[in-house]
Each structure stands twice: as C-alpha cells, then as structure tokens.
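Chemist: Just need the structure, nothing else, for what follows:
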Amino acid sequence: MGGVERGRGPADQDGGVPEAAAGEADRRARARATGGVPAVDVDGGGGFATPYDRYVRPDVLHGLQQPVTDVPEERAFLVASQIMELYFGLLRHEWELAQRHLRADEVWDAVAVLRRSVREFEGLVAAWSTVDWLEPAAFNRFRDALGVASGFQSWGYRRLEILLGSRQRSLVDMYRGNPAVHESLLRASAAPSLYDDAIAVLARAGVAVPAAVLDRDPGEEHRPHPAVEAAWVEVLGRAPGDPLLELAGVLTDLSAAFGEWRFRHLTAVRRSMGAKAGTGGSSGVAWLERSLARAVFPELWSARTAV
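Modeler: Sure, this is the predicted structure:
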C-alpha cells in the first residue's frame, strides 16, 4: 500500500497493514519481473493466503452472514443490511471530519469531504437494489424468524440522523442495554450537528445570523428559522466559486441523497410487506412516510423560493 511506512505496526498483529508495504519503485520492479502479469507467488503471512486477505479480511466478512432460516432470499436481506451498516460507519467518519474542518473555518476542505460523502451515499442508496425486489410471499417465509429485530434499531443509522440534526431522545434511549453505544449517542445528541456547524461558519464569515440561533442549545431539535433562511438566500445569490455557495450546494446534495435513501427504503418496505406493522413495533410504511416528509437542512430548500 503506497504511502505506508515499512516495518511492523500494531495493525500487523491482527491482519491490517502488510508487514512490508510496497512503494512505487517496488511495484515497478515487480511488474518488470513478472512481465506485467499479476504475480501468483504471494505470501500473506501470519496464516493469511494473500496480502489481500490480510488487509480486507474476507474470512471475517463472509463469516458474518449467519441466516436464521434456510430461505434463500434471507441471505440477500442480511447482506444488504450489513452493507448498509458499513456505509453508515463510513459516512459517520466523513461527516465528523467535515465538522472538524468547518470548526476550523477550513470550508474548502469540508466541501471536499462532503462531496466525497455524497458519492459514497450513492453506494448506500444502491444497496437497496439488493432487496427492493423482495415480494411479500418470500419475505413472509423468513420474517417471523427475525422476531422484533428491525432496521429501525440500527445505532449506526441513528448516529447519522443525529449528525444531520435529529434530537429525538426517546430513540436514543432504546440503546440503554448497550452502555457504550448509549453514551456515545447521548454525547453526539448534545453536540452541534453538521448543520449547526455550517450555520456557525456563515456567521463567522460575516453572514447575518442572530445570536439566538448561534447560542441555541445543540441538544434541542433545530427548528426552521426565517433568519437562517435569509442567511442561505444571501449565500445562494453569490457568484460561482464562492466557498460558502459551494458549501450550500454540497449540503443540498447531501440532503437530497438522504431523501432518496429514505424513499428507496419506503418503496422496498411497501413492496415486501405493504401496510403491515413493522417488526420493531412501528406502523411500517406510515412511519417511513412521516420520516420522508422531514427535510434535512430545511432552510437550504425554502431559501430557493426567495432567490
């Protein structure tokens, strides 16, 4: 892996970074030695067949698929759920990095990270294609075996909602049985959201934002505010290339991507179970419809009427 120092680090102990990381010169030399044909004389070391196995750990990933029935369609349902969890974790790291850039007034760096995350979000949305063909008869063959397990209970997804501004304490309290997760979500719920940090950047850049908005308790749900809408109206009227305009654009892209994910979720559920109650106790489609109606970064959308 280019850019990794040679030597043995902590990751080597558990199968992370290969012991002898290759540089560009090493790769060129190896390509000359093999005549450009992929090498087959590789040694993963430490009990791994190849360096790829050592780095990616497909043995662990594939071992995580443990269906609870022998219904063929269940495996697709489980794999889709696990793929989404991986994307939830990736997006969380990206948005937290974007927050750090925003708090340091590194707007262009934040924009770059958020643009990347929008592309990654496309992968998350595409994961619905793994299960959105599921018909009620097939779903019914394994649904009861899931008990009360529901995607609604995903703390990875909950963390994303919190980063985007959700402050529904009752939804966080369901994780009391896992103290580490519960405490982490409580801390996140009491900290500024990605949107809070974006609004604070506007204020520090000289855009008019009232102190009442800036000093709002971040543990409280954000409510649409006419002054925040006016701030985005001012930004949306700026010339192309302005960093705050670019920030507004990428946040809008992110909001749209999140809305698309919610819509694909609603469509998949509607196809597989109609208007039945959800396994986790929700009203199913009705609950998802209410979630879809809640816009992320609302003033970024309403401001467009006034531009």
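
Chemist: Can you give the contact residues for stretch 253-262?
Modeler: 114-115, 117-118, 121-122, 124-125, 128, 164, 288, 291-292, 295-297, 300-301 (Cβ atoms under 8 Å, 6 or more residues apart in numbering). In short, each C-beta sits where N, CA and C put it, glycine included.

Chemist: What subset of the residues you listed is buried?
Modeler: Buried subset of the contacts of stretch 253-262 (neighbour count, 16 or more other Cβ atoms under 10 Å): 114-115, 117-118, 121, 124-125, 128, 164, 288, 296-297, 300-301.

Chemist: Just checking: the least confident one among those residues is which?
Modeler: Within those, Leu288 has the lowest pLDDT, namely 77.

Chemist: Next, the contact list for that residue, please.
Modeler: So Leu288 contacts 262, 265-266, 269 (Cβ under 8 Å, 6+ apart).

Chemist: Top of those residues by number of neighbours, please.
Modeler: Val269 (23 neighbours; other Cβ atoms under 10 Å).

Chemist: What does the pLDDT read for it?
Modeler: 89.

Chemist: same check, this time on Pro218
Modeler: Reading off the confidence values, Pro218 has pLDDT 94.

Chemist: Same check on the one 3 residues further on?
Modeler: If you check Glu221, the pLDDT there is 87.

Chemist: residues in contact with it?
Modeler: 165-168.

Chemist: According to the record, where do the domains of the protein fall?
Modeler: The chain breaks down into these domains under automatic domain parsing: 10-62, 73-305.

Chemist: rank these by pLDDT, which is bottom?
Modeler: Taking the mean pLDDT of these, domain 10-62 comes last: a mean of 79.

Chemist: hang on, the earlier thing: please identify the most buried of the domains of the chain.
Modeler: Comparing the domains of the chain by mean neighbour count (mean count of other Cβ atoms under 10 Å), domain 73-305 ranks first with a mean of 17.

Chemist: Between the two ends of it, how far is it?
Modeler: 45 Å (Cα to Cα, to the nearest Å).

Chemist: Now do that domain: distance to the chain's middle.
Modeler: Relative to its parent chain, domain 73-305 has a centroid offset of 8 Å by Cα atoms, centre = their mean, to the nearest Å.

Chemist: can you list the contacts of Leu288 in a markdown table and add distance to Glu106?
Modeler: Below are those laid out as a markdown table (distance: Cβ to Cβ, whole Å):
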| residue | distance to Glu106 |
| --- | --- |
| Arg262 | 30 |
| His265 | 33 |
| Leu266 | 36 |
| Val269 | 39 |
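
Chemist: Out of those, name the ones that lie in helices.
Modeler: 262, 265-266, 269 (DSSP state H).

Chemist: now, which of the residues you listed sits nearest Thr252?
Modeler: Distance to Thr252, by Cβ to Cβ, is smallest for Arg262 among the ones in helices among the contacts of Leu288, at 15.7 Å.

Chemist: Apart from its neighbours in sequence, what residue is nearest Glu73?
Modeler: Nearest non-adjacent residue to Glu73, counting by Cβ to Cβ, 6 or more residues apart in numbering: Ala138, 4.5 Å away.

Chemist: Put the alpha carbons of whichever strand or helix holds that neighbour into CSV.
Modeler: Using DSSP states H and E, Ala138 sits within helix 136-143. Extracted as CSV, the C-alpha positions of helix 136-143 are listed here (Å, rounded to 0.1, in the frame of the first residue of the first chain):
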residue,chain,number,x,y,z
PRO,A,136,-44.4,-10.5,0.3
ALA,A,137,-44.6,-14.3,-0.1
ALA,A,138,-40.8,-14.6,0.0
PHE,A,139,-40.4,-12.1,2.9
ASN,A,140,-43.1,-13.9,4.9
ARG,A,141,-41.1,-17.2,4.7
PHE,A,142,-38.4,-15.7,7.0
ARG,A,143,-39.9,-12.6,8.5
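
Chemist: what's the following helix or strand after that helix?
Modeler: Downstream of helix 136-143 (by DSSP H and E), the next one is helix 155-163.

Chemist: what's downstream of that following helix, the next helix or strand?
Modeler: Scanning forward in sequence from helix 155-163 by DSSP H and E, the next helix or strand is helix 169-172.

Chemist: The helix or strand following that next one packs against which elements?
Modeler: Where DSSP H and E defines the elements, the next helix or strand beyond helix 169-172 is helix 179-190. Packed against helix 179-190, as judged by 3 or more Cβ pairs under 8 Å, 6 or more residues apart in numbering; DSSP states H and E, are the following elements: helix 155-163, helix 169-172.

Chemist: Distance of Glu122 relative to Trp128?
Modeler: 11 Å (Cβ to Cβ, to the nearest Å).

Chemist: How about Gly259?
Modeler: 13 Å.

Chemist: so who does Glu234 touch?
Modeler: By Cβ under 8 Å, 6+ apart, the neighbours of Glu234 are 207-208.
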